[in-house]
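S.K.: Sequence and predicted structure are below.
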4 protein chains.
Amino acid sequence: MGEMLVLGGSASIYLAKSISESLNARFAPLDTKIFPDGEIYVRIPINVDGKDVIIVQSMYRTPNFFLIELIFAAETLRELGARRVVGVIPYLPYLRQDERFKPGEAVSAKIVGTMLGARLDKIYTVDAHLHRIRTLKEIFEVEVINLSIISELARAAIKEFGLNNPILIAPDEEAEQWVEKAAETLNCNYIVLRKERIGDEEVSITGLERITGVALIIDDIISTGGTVAEAAKLLYERGAERVYVSAVHGIFVKGAEKRLFGSGIRGVLTSDSIPSPYSKVSIAPLISNILRKEL
Amino acid sequence: MGEMLVLGGSASIYLAKSISESLNARFAPLDTKIFPDGEIYVRIPINVDGKDVIIVQSMYRTPNFFLIELIFAAETLRELGARRVVGVIPYLPYLRQDERFKPGEAVSAKIVGTMLGARLDKIYTVDAHLHRIRTLKEIFEVEVINLSIISELARAAIKEFGLNNPILIAPDEEAEQWVEKAAETLNCNYIVLRKERIGDEEVSITGLERITGVALIIDDIISTGGTVAEAAKLLYERGAERVYVSAVHGIFVKGAEKRLFGSGIRGVLTSDSIPSPYSKVSIAPLISNILRKEL
Amino acid sequence: MGEMLVLGGSASIYLAKSISESLNARFAPLDTKIFPDGEIYVRIPINVDGKDVIIVQSMYRTPNFFLIELIFAAETLRELGARRVVGVIPYLPYLRQDERFKPGEAVSAKIVGTMLGARLDKIYTVDAHLHRIRTLKEIFEVEVINLSIISELARAAIKEFGLNNPILIAPDEEAEQWVEKAAETLNCNYIVLRKERIGDEEVSITGLERITGVALIIDDIISTGGTVAEAAKLLYERGAERVYVSAVHGIFVKGAEKRLFGSGIRGVLTSDSIPSPYSKVSIAPLISNILRKEL
Amino acid sequence: MGEMLVLGGSASIYLAKSISESLNARFAPLDTKIFPDGEIYVRIPINVDGKDVIIVQSMYRTPNFFLIELIFAAETLRELGARRVVGVIPYLPYLRQDERFKPGEAVSAKIVGTMLGARLDKIYTVDAHLHRIRTLKEIFEVEVINLSIISELARAAIKEFGLNNPILIAPDEEAEQWVEKAAETLNCNYIVLRKERIGDEEVSITGLERITGVALIIDDIISTGGTVAEAAKLLYERGAERVYVSAVHGIFVKGAEKRLFGSGIRGVLTSDSIPSPYSKVSIAPLISNILRKEL
């Protein structure tokens, strides 16, 4: 194995720094600027010739910007002679559109996957949103390691919120895989609710008659917070005393906090795949451990 | 004193919730939406007639949006019969332009101050950026209580970063008032550096020949991070072993993290006047304590 | 009457220049900048002491930014000794929320109206969206002159699209007042369609069994283009040969062009109250004529 | 040649429609949406199997969004069996960074060129910003036809502004190639000014002692308007009576209109490669003519 360097894209500067410290590797942020006309400028600020380079870039909220920045960086790293270019992409967007549901649709998962797969030697991600496809190999044309922070997150939620044997809740069927794993870790019971879409941004949650005690909602992604907030409202209506939520990726857009705390949720906890005030469980140790072994 | 309610504007939902819990008061987020044409819709979701209403809205990054939302809410609270409308505005923008430096300039501090002062009965803020004017009464036409979180922040930095008798650094003369207070709290020495503006977004920092050991930069605001990063570079050049930074308000725009961690800074700590992954010192107890006494 | 100056806010630089030329008055753009932290800086670049100042600022797409800029400028003009400060605000936003439809709602029309009314001596606007209230005096606390460009727009559409006795179409009942005026100008027949909202951004249009020939849709505002596009689809389904649209204010957000031209509309024409490639009918003569008379 | 279809990306809906009309070909806009989390959804709304598809997408102001949309569409067109996929990209961004000026820089021209070249069979563009490289073949790995609208633009400026034998002005040396062509078309004299960069967004223009009469500045791109505005100020200082400007691509960002009209410029004229109120010279005939011949 050659010398290892860790670069941080503008989405994940601090996370990259944390990973570099765990690995005892040199760290540098990408030198990225935006020109007045919207063009992105990217510069690799250190010598990478012959080195193994880990580039960290989570792709949340402005995924197109972060994607182009990452492509510019990865392509340049190869040109500059990096021995290997490994991508750490904690939040992988564009995974929902993994087939053509309606005629004419772009299968964005596959297109983005190919663009990244062609420029990276290997990709590490965290709790990728896979509910139809079984593996990311179908999408990327390169090896993708899908790590899970769910167990650490579940344990941290118990501690952070001072919970004692809560009932775990999957707000919809897609979330079952995550709640199942959390329940195993915590040795708790879990319930799966049912979601129906009503309109573009509205959902209705059902599937529960009566509940007592404290509930902890578990999910992979919180985006607008609509699904989780509706689940919390149902839980309170049916008797829950207190409701908390823990999710891997906290995108938090379009008034998510208003919805979450307006529904009576007591606490929110996420990983730092997407940095926010709620991102108190770091994925850096998980990623550093596997990088140390595999690279 | 009447019944107290705490409302959270879209900038400060979680902070408002924390303050309401300390005060044992009812909490609700403003029901705020943005229409496709850019107009803001605001609704007060609870009955406020005859109540004392505390509305929490920090005004960072998109200050004009947050300002209009706050004005809409405050005006509506009065119309709906609130007994008192108290604004908690932890980060108060527009304070730099407190006089007409060049002919024809809008004195935005005064204009914004008047707009808020006319709609709020009292304002609480935290470490307001006052370097020329002595009090906020000259700007707002209502009582403004300017609290300081600097002591708590300094103590938290020592603990978070594991520091032992660091040298405190004011990156420029405007920061002296904050570093002075922190030095008193920690019983440390401090140094004040000198800043010169070179171009619109570039600065040069001087004022130090030789330093040893660990340095902790103290400031009120980190915006692009340029000033702090240049100070850190100087400190490392002149012999500092490790450099940390702690500031009250972390705006973090235009690649601030790249600048901060690219300069070798080891750790960043701010208050939660502006929520971010670095906002680990909460101003909620400080604000709740005074609200409990004064209201 | 004193010497007259015309200032252009950043929304309406070119329109202000055109008006100044018609009036043979001095023109200057506001010197407006945005700081990295989002704060707006405004400077009046010419001496205004004792002068009659006309400030032109249409408030489309980013209405909160343009509103704050206008407030900063108007307030500063008074402080600098302008004899009169007249606002030309061709597109006046926030007029829909002119009462409290649901408990707790901010009546934004009134709040914005008061903020502007307090700082301007008189306001000129164009085809304001008044469908419930009769006059703008109820909203602003200052005289507001509501001009109409509908007749010029209707005549220009006939010429631009080469039409010969088209049927005019109001896509919904709120548009009737505009189509009525256009029909009178052109001596044409008109039809009023019926709109129902289905969900937040979707509408359904009905009210027509059979139509022949060429249709020209007339409206005051095109925002997302949804209403007009649905009207056009209905018209084509029921037999229309060609469909065109002409509206006063073209906001064009969230994929409006895709909707409009995807529905088969042949041509779009608006006034330059909001600048765009479709804004080919200038309101400058209309405004200059009345300013010349009234000031 | 197979049946021809013209698709419009969200940057160029109207231009695509105009081109389709000249070619007598079927037109459809891409069905593009943005999800709350920032992901782009693209759908090809018509059957393209076996067809020759022309996709029109100029990439201005938000080039990364438009680039991803175009890549999604082009890739999908191939998958859906389009016989040929031809890109019409009137404004091609990212051409400045065509080599590694400083160590470590991403050569974005080449990376973007390769991404597009791999998905399009041929590309048509207009007055591409080539000042160092000779041909676009070095950048794209596919044939790129670089058309010029300069002659039409120069003639239109003369007519629009009512000019009679103006002196043409290149505001800097990079603009010489465009002013030379315009001078040939109009049989006019021209002058080339000298630009020096002072700071990130500021420039100084020199190179002229004395001028009389009317000047028409010619350039390929207007971005912030800084260069053109400084040139106009110099021209007025040295005796010009009136100054106009005509450029191919009007990006107009960061207060360009304030700078242009604040400098005393009388009129601005661009092509519709980028739609704006100033884009009065259509490139549709130029593009349609060559497509008719070559496809």
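M.R.: On my side now, so go ahead.
S.K.: is it true that A:Leu291 touches A:Ile145?
M.R.: No. Between A:Leu291 and A:Ile145 there is no contact under Cβ atoms under 8 Å: 9.6 Å. For every residue, glycine as well, the C-beta is placed using N, CA and C.
S.K.: Neighbour count for those two, which is higher?
M.R.: Between A:Leu291 and A:Ile145, counting by other Cβ atoms under 10 Å in any protein chain shown, A:Leu291 is the more crowded of the two (22 against 16).
S.K.: quick one: the more buried one from A:Ser12, how far?
M.R.: 14 Å (Cβ to Cβ, to the nearest Å).
S.K.: pLDDT value on A:Ile274, please?
M.R.: With respect to pLDDT, A:Ile274 scores 98.
S.K.: my guess is it is in a helix, correct?
M.R.: No. Counting by DSSP: H, G, I helix; E, B strand; the rest coil, A:Ile274 is not part of a helix but coil.
S.K.: who's in contact with it?
M.R.: Residues in contact with A:Ile274 (Cβ atoms under 8 Å, 6 or more residues apart in numbering or on different chains) are A:58, A:60-61, A:90-91, A:249-252.
S.K.: and the spatially closest residue to it that is not a sequence neighbour, helix, strand or coil?
M.R.: Nearest residue to A:Ile274, sequence neighbours excluded (Cβ to Cβ, 6 or more residues apart in numbering or on different chains): A:Tyr60, at 4.5 Å. What three-state DSSP gives for A:Tyr60 is coil.
S.K.: I figured A:Tyr60 hits A:Ala11, correct?
M.R.: Yes. A:Tyr60 is within contact range of A:Ala11, at 6.7 Å (criterion: Cβ under 8 Å).
S.K.: quick one: which of the two has more around it?
M.R.: Per other Cβ under 10 Å, whichever of A:Tyr60 and A:Ala11 has more neighbours is A:Ala11, with 28 against 25.
S.K.: For chain C, give me its nearest residue in chain A.
M.R.: A:Gly199 (4.3 Å; Cβ to the nearest Cβ).
S.K.: Quick check: that residue vs A:Val228, distance?
M.R.: Distance, A:Gly199 to A:Val228, using Cβ to Cβ: 18 Å.
S.K.: Tell me how far the residue of chain A closest to chain C lies from C:Glu201.
M.R.: For A:Gly199, the distance to C:Glu201 (Cβ to Cβ) stands at 9 Å.
S.K.: Those two - which one has more neighbours?
M.R.: A count of neighbours by other Cβ under 10 Å puts C:Glu201 above the other of A:Gly199 and C:Glu201, at 15 against 12.
S.K.: looking at this, the more buried one is in a helix?
M.R.: No. Read with three-state DSSP, C:Glu201 is coil and lies in no helix.
S.K.: can you pull the contacts of it?
M.R.: Going by Cβ under 8 Å, 6+ apart, C:Glu201 touches A:200, B:36, C:224, C:226, C:254.
S.K.: so of these, which ones are in helices?
M.R.: Those of the contacts of C:Glu201 mapping onto helices are C:Gly226, per DSSP state H.
S.K.: Point out the least confident one among the contacts of C:Glu201.
M.R.: Comparing the contacts of C:Glu201 by pLDDT, A:Asp200 comes last, at 70.
S.K.: how deep is the closest residue to A:Ile34 other than its chain neighbours tucked in, by neighbour count?
M.R.: Spatially, and ignoring its direct neighbours in sequence, A:Ile34 is nearest to A:Ile40 (6.0 Å; Cβ to Cβ, 6+ apart). Counted with other Cβ under 10 Å, the neighbours of A:Ile40 add up to 21.
S.K.: again, but for A:Pro103
M.R.: 11.
S.K.: Check for me that it belongs to a strand.
M.R.: No. Going by three-state DSSP, the assignment for A:Pro103 is coil, not a strand.
S.K.: hang on, the earlier thing: and the furthest pair within the contacts of A:Ile274?
M.R.: Greatest spatial distance in the contacts of A:Ile274: A:Pro90 and A:Phe252, 15.3 Å, computed using Cβ to Cβ.
S.K.: If we go by neighbour counts, what in the helix or strand hosting A:Ala156 is buried?
M.R.: Following DSSP states H and E, one finds A:Ala156 within helix A:150-161. Neighbour-count burial for helix A:150-161 flags A:150, A:152-154, A:156-158, A:160-161 (criterion: 16 or more other Cβ atoms under 10 Å in any protein chain shown).
S.K.: Could you export those as JSON lines, including distance to B:Arg78?
M.R.: Output for those, formatted as JSON lines (distance: Cβ to Cβ, whole Å):
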{"residue": "A:Ile150", "distance to B:Arg78": "48"}
{"residue": "A:Glu152", "distance to B:Arg78": "48"}
{"residue": "A:Leu153", "distance to B:Arg78": "44"}
{"residue": "A:Ala154", "distance to B:Arg78": "46"}
{"residue": "A:Ala156", "distance to B:Arg78": "43"}
{"residue": "A:Ala157", "distance to B:Arg78": "41"}
{"residue": "A:Ile158", "distance to B:Arg78": "44"}
{"residue": "A:Glu160", "distance to B:Arg78": "39"}
{"residue": "A:Phe161", "distance to B:Arg78": "37"}
